[in-house]
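Enquirer: any chance you could fold what I've pasted below:
(one chain, ligands or ions: 1)
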Amino acid sequence: MDYIFYPNLKKEFPIIVKGEGIYLWDNKGKKYIDACSGALVSNIGHGVDEVIEAIYEQMKKVEFAHRFKFSNEKIIELSEKIIKISPKEISRVLFASGGSEAVETALKLAREYYVEKGKPTKYKVISRWQSYHGNTMGALSLSGNVARRVRYSPLLLDFPHAEPAYCYRCSFDKNPDECNLECAENIEKLVKREGPENIAAIIIEPIVGSTLGAAVPKDGYLQYIRELCDKYDILFIADEVMTGVGRTGKNFAVDHWKVIPDVICMAKGISGGYAPLGAVAIKESIYEVFKKGSGKFAHGYTFAGNPVSAAAGCAVIDYLNKNNLIEKCEKSGDLILNKLEILKEKYPFIGDVRGKGLMMGIEFVKNKRTKETFDPSLGLTERIVDKALEEGLMLYGAALCADGTKGDAVMVAPPLTVTEIEINEIIKILEKVIKDVFESIKFWE
Ligand code: PMP
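Expert: Sure thing, here's the model as predicted:
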């Protein structure tokens, strides 16, 4: 008997019993191409022996020793590996069991940092509309996804939200060539309106994933935020839960623009799905403030720093490096993006294709010129994701939701191990799926 409370109560979920490379199999023998790495988690693919063995070896030594009094070999090794791949100046790591927990840690850290610094009025954290930072109440208060927030409003924290960097549907009606980074200026306006003396941090997904389907900001945007944070003594938190540890073709997405945030949240890809794991990497200067101050950070989770999860994290980073997967990711991403561009030219309902590395989004529109969205009651994104699943292809449905106006997008984000042959297979099924779905909604009639 299955007593699980599934998120979608009206659907039965296939029972997955096997994973290998980019493929998954259910208990009825059906094979799926995991073209979105679950939720951009399985960065090195499924069933990698090295990782499984590393977990087993650690299990045999010791499975748990509480972080209150003990450290362990694997968590020390993992912290070194994380610092090695992080931008310079980032030199300390805190651990968590996932993305929401990592974001909560960053939130509390920002708050306590300014208390330690003797600026206790700095407590607000600015985020952006159409962002996603997690499902716990603190992280959800930051998240600007209207659909996900609405049922829990007024949430816990009434934090200010700025306009997103969503170039395809610019909040300021600018084309990219006439853009003066108005969306970044909008954040500065918000800082001034709220009072910089009240702002502890600005949190940003460098490339917006689940809510916008791989929306990449214009060059200069992240630099602007960096300078803004320096000017007003605000911490810059990069939420790299989805983008971090190789997914976009660099160690971290901020590396594309050589911007160094004060805090980086990571999860998902860091353990590649082999164990629950999250981390928050911070600059030495933040650590110093705590060290010279109370010498404490009143925070922590029971499973943070768990040696088994840490063993998974170490083995995943080793595997990425040994197989040059981050470099390969950039090339495979370009190949997929070219193929998506061709589909965009071919079909009138593909308004935009975008992304970096192996994090790509396709946005669907009723009219390419006006960018009109489809009637939300059609449930187009869900139809595409469901049809794809029927055809054995897993896509990530993005939860586009601008001020109540829903849009439709999916992400294509296979494991970084994906080969050219597999890419061709993905694109072939994807094209069939979208053709079938748009036929079924009588798009051409
Ligand atoms: N931040 C970002 C940018 C995310 O994409 C996600 C998950 N989609 C989270 C935070 C929350 O992570 P988790 O689901 O592991 O709690």
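Enquirer: list the contacts of the residue of the chain found nearest the ligand.
Expert: Using CB to the nearest ligand atom, the point where the chain gets nearest to the ligand is Gly99, with a distance of 2.1 Å. No exception for glycine: its C-beta is placed from N, CA and C like everyone else's. Contacts were defined as CB atoms under 8 Å, 6 or more residues apart in numbering; by that measure Gly99 touches His133, Gly134, Ala139, Asp239, Val241, Met242, Cys265, Ala267, Lys268, Gly278.
Enquirer: so Phe374 sits against Glu363, correct?
Expert: No: using CB atoms under 8 Å, Phe374 is not in contact with Glu363; the gap is 10.9 Å.
Enquirer: any shared contact partners between the two?
Expert: With contacts taken as CB under 8 Å, 6+ apart, Phe374 and Glu363 have Asp408 as neighbours in common.
Enquirer: so which of these two has more stuff around it?
Expert: Set side by side, Phe374 and Glu363 give different neighbour counts by other CB atoms under 10 Å, the larger being at Glu363 (26 against 20).
Enquirer: any idea of the pLDDT on the more buried one?
Expert: With respect to pLDDT, Glu363 scores 97.
Enquirer: Thr405 now?
Expert: Looking at Thr405, its pLDDT reads 63.
Enquirer: so what does Asp173 have for phi and psi?
Expert: Note on Asp173: backbone dihedrals following degrees, to the nearest 10 are phi 50, psi 40.
Enquirer: burial count for it?
Expert: Residue crowding around Asp173 was assessed by other CB under 10 Å; the count is 8.
Enquirer: cool, and Lys283?
Expert: Using other CB under 10 Å as the criterion, Lys283 is surrounded by 22 other residues.
Enquirer: so where's this structure shaky on pLDDT?
Expert: By pLDDT under 70, the weakly predicted segments of the chain are 402-405.
Enquirer: OK, contacts around the nearest residue to Leu400 once chain neighbours are set aside?
Expert: Ranked by CB to CB, 6 or more residues apart in numbering and with sequence neighbours excluded, the top spatial neighbour of Leu400 is Gly407, at 3.6 Å. Listed by CB under 8 Å, 6+ apart, the contact partners of Gly407 are Arg169, Glu363, Phe364, Val365, Thr373, Leu400, Cys401.
Enquirer: against Gly361, how distant is Pro154?
Expert: 30 Å (CB to CB, to the nearest Å).
Enquirer: the two: which is more packed in?
Expert: Taking Pro154 and Gly361 together and counting by other CB under 10 Å, Gly361 has the greater number of neighbours (26 against 8).
Enquirer: and the helix or strand hosting the more buried one, what does it pack against?
Expert: Assigned by DSSP states H and E, Gly361 falls within strand 359-364. Packing contacts for strand 359-364, counted by 3 or more CB pairs under 8 Å, 6 or more residues apart in numbering; DSSP states H and E, involve helix 325-346, strand 350-356, helix 380-390, strand 408-412.
Enquirer: including distance to the ligand and mean neighbour count, could the ones you listed go into TSV?
Expert: As requested, the helices and strands packed on strand 359-364 are exported to TSV (distance: least, CB to the nearest ligand atom, whole Å; neighbours: other CB atoms under 10 Å):
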stretch	distance to the ligand	mean neighbour count
helix 325-346	18	17
strand 350-356	14	22
helix 380-390	15	19
strand 408-412	11	26
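Enquirer: of all those, which lies closest to Phe290?
Expert: Among these, the nearest to Phe290 by CB to CB is helix 325-346 (31.4 Å).
Enquirer: between that closest one and strand 359-364, how many degrees?
Expert: Computed with axes from the mean of the first three to the mean of the last three CA atoms, to 10 degrees, the direction of helix 325-346 lies at 10 degrees from that of strand 359-364.
Enquirer: got the contact list for helix 325-346?
Expert: By CB under 8 Å, 6+ apart, the list of residues contacting helix 325-346 reads 43-44, 246-251, 319-320, 350-353, 355-360, 362, 412, 414, 416-418, 420, 423, 426-427, 430-431, 434.
Enquirer: got it, and stretch 68-82?
Expert: The contact list for stretch 68-82 (CB under 8 Å, 6+ apart) reads 58, 62, 65, 93, 95, 266, 270, 279, 281, 300, 305-308, 310-311, 313-314, 317-318.
Enquirer: before we move on, the earlier item: so how do I select the buried members of the contacts of helix 325-346 in PyMOL?
Expert: Isolation of the buried members of the contacts of helix 325-346 (16 or more other CB atoms under 10 Å) is achieved in PyMOL through the command below:
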select buried, resi 43+44+246+247+248+249+250+251+319+320+350+351+352+353+355+356+357+358+359+360+362+412+414+416+417+418+423+426+427+430+434
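Enquirer: can you list the domains in the protein?
Expert: When the chain is parsed with automatic domain parsing, its domains come out as 16-47+324-440, 50-322.
Enquirer: what's the span of the longest one, first residue to last?
Expert: This means domain 50-322. This stretch, domain 50-322, spans 11 Å end to end (CA to CA, to the nearest Å).
Enquirer: give me the distance between Lys74 and Glu345.
Expert: For Lys74, the distance to Glu345 under the criterion CB to CB works out to 49 Å.
Enquirer: same question for Lys69.
Expert: Between Lys69 and Glu345 the distance is 61 Å, computed by CB to CB.
Enquirer: for Tyr232, same thing?
Expert: The gap separating Tyr232 from Glu345 is 44 Å, by CB to CB.
Enquirer: is it fair to say Val152 lies in a helix?
Expert: Quick fix: residue 152 is Tyr, not Val. No: counting by DSSP: H, G, I helix; E, B strand; the rest coil, one finds Tyr152 to be coil, located in no helix.
Enquirer: and for the closest residue to it other than its chain neighbours, the neighbour number?
Expert: Computed as CB to CB, 6+ apart, the closest residue to Tyr152 that is not its neighbour in sequence is Leu140, at 6.2 Å. Number of residues near Leu140 (other CB under 10 Å) recorded here: 21.
Enquirer: am I right that Leu140 is in a helix?
Expert: Yes: Leu140 forms part of a helix when assessed by three-state DSSP.
Enquirer: that concludes my questions; thank you for your assistance.
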